[in-house]
Structures are given as C-alpha cells and as structure tokens.
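Participant: pasted the sequence and its predicted model underneath.
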Amino acid sequence: MLLILLRALLVPKVQLTLENVALRQQVAVLRRTVHQPRARVRDRLFWVIFRRLWAGWQDALGFVQPATVVRWHRAGWRLIWRWRSRKKPGRPPVPVEVRELIRRLSRENHLWGAPRIRDELRLLGHHVAKSTVEKYMVRRRGPPSPTWRAFLYEHASEILACDFFTIPTATFRSLTGFVVMELGRRRILACKVTTRASGAWAAEVIRQACSPGQLRHVLRDRDAIYGAEFKSVLRSLGLRQLVTAPRAPRMNAFAERVIGTLRRECLDHMILLGESHTQRVLDEFVEYYNEERPHQSLAGERPTHSPRLVGTGPVEARAHLGGLHHSYRRAA
C-alpha cells in the first residue's frame, strides 16, 4: 500500500487519469464476458486510438497482448484503404463508338492487322493501344495457313529426303551411313556407308541415285557436313535445297523414320563386321524394302510399281537377310 501511495504522489495526474480509463475499459469488457474476454469493435477502436494518445498503454493492457492491438490497427488501415480504393482499377473503358469503329475497319479490310487499324484510328483522332484493337477486332474464320506437312504432301513426288546416321561394327569401329529416299513413293534410292563421310561424298551419292528432271527439291537438316561442294552438285542437277529450321527434327521426319526402320528391322539384328559387309546387308534390306515390304502410308502397297504376280498354287516363302524377313507369293 505504501508503494501505491508513493506512486500516486509522484506520477502526474494526467497519466493516472489515462491509466484509470484504461483499467476501467478492461473491467467493462471482463464484466460482460463469462469465460473468455471478447473485444467488440468499439473496444478495438478504443485501444487503437488510446495507443496513439498514451505512450504507456502497454503497461496498463491486461486482457490481450499488445501485438493484438497492433494487428487491430493494421486491419483498420486495410479497411480504410480498401474503402478509398473501391473504384475499379485498370484502364478506362473504351467508348462504344471506338469499339464499333474497330469492328467496322476489321470487317471492311481483311488484310489489315491490329497495327494498321491502330494507325488508322490515330489519324481519325482515337488513340488506343494495339492490345485494345486486338481485343475488339472481328475474328476471321477462314482456312488456316498451309502447314509444312501440307507442303510436303503436296510436292512429295518432287522431293528427296536425305540424312546421315552412324553404324557401330563388331570391331568397335563407327561407320557413317547416308540414306536418300523419294517422298512420293517412300522409295529408298540409295543407302551407302563409309568411314570418311563428307559433303562431296554425299553429293556423289545423290548424283548417282536420282534421275535428272524428275525431282526438284532436296530436304536435309542443318548438319555442318553439307558444304559448298554439296551445294554445287545440287545446283548442277537442278535441285533446290530445303533446309530444316534449327532444333526442328520433325521437319525431316521421313528420313528420320526410314533410318529408324533400318535400325529396328535390320541393323539391330545383325553383327556387322566392316564396311563391305554392312553395305551388302543394307543393299539386301533396301531391295526387300522397295520390292516386297508393304507400307501403311501407301495403303499397304510397295514403293515400287511392279505388280506382284498372283498364282493359284501353294504359298511359297522367300527368305531375306538370312531369314530375318520373308516375302510370300503363290506359285503359278
């Protein structure tokens, strides 16, 4: 009691009054609650304001933590700024007149894009962004632009596809293979192997494989092995190069697929002893591929146009590659 009396004599009356108000407010909260004190909105508002008026408010606070009052203060500021920012953010709405004008220009000028329409609107006194023009333009529903696949199918009879591939041998040497195929009938025109691949060697393979005047384009990838001599030979043959885009192996998918067929149906099942042995194996498989093997893309037909004779006798089998594949026909 003596300490309380001395404190009452030394502490200023204003601070005692504020402390008394704080304690009375907390007592009011405790009186109206049974188990746990719950602060109403007016109680929270009282302590948020009281925190700004008195520096010693934390010493007089007992029913909640001071951090709770700080959280009430921040929540109040969020509500105030939410009320002040109740207007919808973003760009002002585009007038109806401008929207209709964008649609009109788009309908009447099928070749105009968004930048052209934007510039035309600027000349008419309407300053809008390119994205706004794109938003309100009329969506044209015409046929899509021709794709690369459509181009290949349209000109397949005039296109050669070629590509390099590697072949490991039983003697731990690596051979380089070069395949040339005709897209029209999926016919392999040449499949050669060498130990020293070069652009000149590849050009000579194409020179021997194709007949002049029948083909117009050579589809290849961006391999650095194709040099100036390769291009010179193609120009002498009247062939134009179709070079694939960077990192786009599907543009030369036909050559990639036939290389996969060579591996899956021939090379992966053979022990290749050297260059000459590999060449004989590939020549036999290419003959089987062109003359006997049916193709799904050709509706089950063979790349060559020679008809298969159909007899009435028993079915006879012809072995290819030592019995790895067989072709069948009826005896006459």
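Facilitator: Yep, it's here.

Participant: pull out the buried residues from stretch 99-108.
Facilitator: The neighbour-count check on stretch 99-108 (16 or more other Cβ atoms under 10 Å) flags 101-102, 105-106 as buried. C-beta coordinates here come from the backbone N, C-alpha and C atoms, glycine included.

Participant: could I get those as JSON lines with distance to Ala190?
Facilitator: Rendered in JSON lines, the data for those read as follows (distance: Cβ to Cβ, whole Å):
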{"residue": "Leu101", "distance to Ala190": "62"}
{"residue": "Ile102", "distance to Ala190": "57"}
{"residue": "Leu105", "distance to Ala190": "56"}
{"residue": "Ser106", "distance to Ala190": "53"}
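
Participant: any idea which of those is closest to Leu124?
Facilitator: Of all the buried residues of stretch 99-108, Leu124 sits closest to Leu101, with 7.4 Å by Cβ to Cβ.

Participant: Cys191 belongs to a strand?
Facilitator: Yes - assessed by DSSP: H, G, I helix; E, B strand; the rest coil, Cys191 belongs to a strand.

Participant: returning to what we had before: just send the buried residues of stretch 99-108 back as TSV, with secondary structure, distance to Gln279 and pLDDT too.
Facilitator: Shown next, in TSV, are the buried residues of stretch 99-108 (DSSP: H, G, I helix; E, B strand; the rest coil; distance: Cβ to Cβ, whole Å; pLDDT from 0 to 100):
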residue	secondary structure	distance to Gln279	pLDDT
Leu101	helix	71	92
Ile102	helix	66	91
Leu105	helix	65	90
Ser106	helix	62	89
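
Participant: ok, so of those, who is nearest Ala319?
Facilitator: Using Cβ to Cβ, the buried residues of stretch 99-108 come closest to Ala319 at Ser106, 66.9 Å.

Participant: list the contacts of that closest one.
Facilitator: The contact partners of Ser106, taken as Cβ atoms under 8 Å, 6 or more residues apart in numbering, are 112, 117, 137-138.

Participant: then Ala331?
Facilitator: Residues counted as contacts of Ala331 (Cβ under 8 Å, 6+ apart) are 311, 313-316.

Participant: just the closest of the buried residues of stretch 99-108 to Val128, please.
Facilitator: Of all these, Val128 sits closest to Ile102, with 7.7 Å by Cβ to Cβ.

Participant: quick one: the closest residue in space to the closest one that isn't next to it in sequence and Arg103, what's the gap?
Facilitator: Distance criterion Cβ to Cβ, 6 or more residues apart in numbering; nearest residue to Ile102, sequence neighbours excluded, is Tyr136 at 4.4 Å. To Arg103, Tyr136 is 6 Å away according to Cβ to Cβ, to the nearest Å.

Participant: His217 too?
Facilitator: For His217, the distance to Arg103 - Cβ to Cβ - is 43 Å.

Participant: and Leu298, by the same measure?
Facilitator: Counting by Cβ to Cβ, the gap from Leu298 to Arg103 is 49 Å.

Participant: hmm, back to that, count of neighbours near the residue nearest to Ile102?
Facilitator: When neighbours are defined as other Cβ atoms under 10 Å, Tyr136 has 17 of them.

Participant: number of residues surrounding Val98?
Facilitator: By the criterion of other Cβ under 10 Å, Val98 has 18 neighbours.

Participant: wait, a strand at it?
Facilitator: No - under three-state DSSP, Val98 falls outside any strand and is assigned helix.
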